[in-house]
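K.L.:
I would like the atomic coordinates for the input below:
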Amino acid sequence: MNAFNENLSEKEPYHFYRVTEFVTTFKADPDKHEPFNTITDFKGEDLLKCRNEAIEFYKERIKGFENGNVKFFLPTAGREAFELGKNAGYSLTLSFVEWYDVSEYYEHILLGEEESEILESIEIETSVLSEKGYKI
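P.N.:
Here you go, the predicted structure:
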């Protein structure tokens, strides 16, 4: 069972998926705006459904950032094309979250970091899903 309960014991974490978006102009836009961060969680009884929804959402959002369809006071640009004062930079990650309570949870990043950084996260996700009877 994967019903959300913030008071779960340490032995029974609640698992879900999270997409985190961070956008900044590094205060180099004319009005010196602060960075913006937003989190979208994908929770429910069916972890594979949550996983698929999170992946689709991530793909849609990253495509918007990469194509320049997202603006944050300045047009967004990836690392290769970024120019301070002309573009906003962004970071987008998809994580598998292991939640114990509001002060103890772990985000295992699956997308949005270098491959060497996510290998352990993929192993953790695969192990949990296998234990719960999912086949991915």
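K.L.:
can you give me the helices in this structure?
P.N.:
When secondary structure is read from DSSP state H, the chain shows helices at 47-66, 115-131.
K.L.:
deepest of those, which one?
P.N.:
Burial of the helices of the chain is given as mean neighbour count (mean count of other CB atoms under 10 Å); helix 47-66 ranks first at a mean of 16. The C-beta positions use only the backbone N, C-alpha and C, and glycine is treated the same way.
K.L.:
And the residue of the chain most remote from its centre, how far from residue 73?
P.N.:
No residue in the chain sits farther from the centre than residue 30, which is 28.9 Å out by CA atoms, centre = their mean. Using CB to CB, to the nearest Å, we find residue 30 at a distance of 8 Å from residue 73.
K.L.:
go on, residue 47?
P.N.:
Here the criterion is CB to CB. By it, residue 47 lies 37 Å from residue 73.
K.L.:
give me the low-pLDDT residue ranges for this protein?
P.N.:
Low-confidence segments of the chain, defined by pLDDT under 70, are located at 1-11.
K.L.:
Between the helices of the chain, which one is closest to residue 104.
P.N.:
Each of these has some distance to residue 104 by CB to CB; the shortest is helix 115-131, at 15.6 Å.
K.L.:
Next, the angle helix 47-66 makes with the closest one.
P.N.:
In terms of direction (axes from the mean of the first three to the mean of the last three CA atoms, to 10 degrees), helix 115-131 departs from helix 47-66 by 160 degrees.
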